[in-house]
Every structure is written in structure tokens, then in C-alpha cells.
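Engineer: Predicted model, plus sequence, below.
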Amino acid sequence: MVVLIVDGYNIIGDWPELKKLKDKDLDQARKMLIEKMAEYQAYQGHRVIIVFDAYYVRGLEAKTKSYNVEVIYTKENETADECIERLVKGIKNVRTQVYVATSDYTEQRTIFAQGALRKSARELYIETNNIQQEIAEDINQHKNKQPITKIPIKKDILEVFEKWRRGDK
């Protein structure tokens with residue numbers, strides 16, 4: 001199994017469209033990141049966990065699921081880095097490969113020591129854009145694919161049948 005843990009605010013602060021959106025509406029930037037990671041999860045088949053830093057927010061840690069992606073808001077006085085390190089320790093085992101998406105160099109070194117691998121914000125950005133393109137290509141191929149008939153019929157006869165089916169004369 002592969003698990004991708006995403007440092008939410010680190011990614012938002014790095015990706016161009018999320019960075020712009022963050023200045024206007026941080027909540028919307030979080031939602032957009034969650035949607036992109038949901039597509040990533042669906043396409044790659046990896047488990048995705050997004051961690052948002054709630055260091056200055058009073059209260060307990062909050063865990064939710066949005067679009068089947070696990071979203072964690074850290075507890076009071078806990079940084080996202082601390083939460084990510086705790087998650088890596090709990091998840092990493094012989095059967096599970098853990099990746100952490102962050103461009104925080106210190107965090108990358110810490111998670112390397114725990115046996116996890118890293119994806120920089122830029123690497124994840126490129127990967128998600130490539131996935132978007134692959135999905136668009138798959139959709140176009142599906143749209144342009146002619147249905148296969150069980151009985152071989154010549155194209156001109158098939159066109160006549162299609163006109164009849166549509167009610168054209």
C-alpha cells in the first residue's frame with residue numbers, strides 16, 4: 001500500500017493557483033487542494049491524508065473525510081510537521097510505503113530518518129497536472145470511440161440504421 005501525506009499549507013503556499021486563491025479565500029484554497037488530491041487518490045489508487053496546521057487555533061485535533069480523502073487539522077499547539085511525523089511513525093511498516101509531500105527541507109530530513117520518502121510541492125504539482133491531462137485524454141478517447149457491434153455491418157448501412165434510430169429521414 002502507498003500512503004501520501006500532504007503538508008496542506010506548504011502545498012497551498014507553493015502551487016501558483018492555490019497561492020493566488022489563498023490571498024483571497026483560504027478556505028477555498030483548502031477545498032481546491034482537497035479536490036485535487038481526491039482526483040489524485042482516485043487515479044493513483046493511493047491513500048491520501050492532508051494535514052493542515054492549526055497551531056494557533058484552540059481546540060482538539062479534528063479529522064474529517066472529504067471526497068474520500070482524510071483531512072486532519074492539528075490539535076492546539078501542534079504543528080503540521082509534528083502531526084506528519086506522528087502519522088509516519090504510525091503508518092510506516094514493511095507493507096506500506098509512505099510519501100510526504102512538502103517543500104520544507106527540515107521536515108524532509110526528519111521523515112527520511114523515519115523511512116518515508118518525500119515529494120516536493122513542485123513534484124506533486126507536476127504529477128497532478130499530468131494526471132489531469134491523462135484524465136482529459138481518457139475522456140476524449142472514450143467519447144471518440146465507436147461502439148462495437150456484435151454483427152459486422154458495413155459503414156453505409158450502419159449510417160442508415162443510425163439515422164433511423166435518431167428519427168432522421
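Structural biologist: Received, thanks. Numbering: from 1, shown residues only.
Engineer: Now do the same for the residue most central in space within the chain: its pLDDT.
Structural biologist: For the chain, the residue nearest the mean C-alpha position is Met37 (1.7 Å; CA atoms, centre = their mean). At Met37, the pLDDT value in this model is 97.
Engineer: which SSE is Tyr99 in?
Structural biologist: strand 97-101 (DSSP states H and E).
Engineer: likewise Ile72?
Structural biologist: strand 69-73.
Engineer: Show me which positions of the longest helix along the chain end up buried.
Structural biologist: Ranked by residue count and defined by DSSP state H, the top helix of the chain is helix 121-144. Residues of helix 121-144 classed as buried by neighbour count (16 or more other CB atoms under 10 Å): Ala121, Leu124, Tyr125, Glu127, Thr128, Ile131. Heads up, the C-betas are built off the backbone N, CA and C, glycines and all.
Engineer: cool, stretch 108-122 as well?
Structural biologist: For stretch 108-122, the buried set under the neighbour-count rule, 16+ other CB under 10 Å, comprises Gln108, Thr110, Ile111, Ala116, Arg118, Lys119, Ser120, Ala121.
Engineer: Tell me which of those residues fall in helices.
Structural biologist: Gln108, Thr110, Ile111, Ala121.
Engineer: circling back to that earlier point, ok, the residue nearest to the centre of the chain - contacts?
Structural biologist: By CB atoms under 8 Å, 6 or more residues apart in numbering, the contact list for Met37 reads Leu4, Val6, Val48, Ile50, Val69, Thr128.
Engineer: Can you tell me how far it is from Ala116?
Structural biologist: Distance, Met37 to Ala116, using CB to CB, to the nearest Å: 17 Å.
Engineer: Report the secondary structure state of the closest residue to Gly59 other than its chain neighbours.
Structural biologist: Distances taken as CB to CB, 6 or more residues apart in numbering put Glu76 closest to Gly59, at 5.8 Å, once the chain neighbours are dropped. Following DSSP: H, G, I helix; E, B strand; the rest coil, the label given to Glu76 is coil.
Engineer: and Glu76, how far is that from Ile84?
Structural biologist: 17 Å.
Engineer: again, but for Asn130
Structural biologist: 24 Å.
Engineer: More neighbours: Glu76 and Ile84, which one.
Structural biologist: Between Glu76 and Ile84, counting by other CB atoms under 10 Å, Ile84 is the more crowded of the two (29 against 12).
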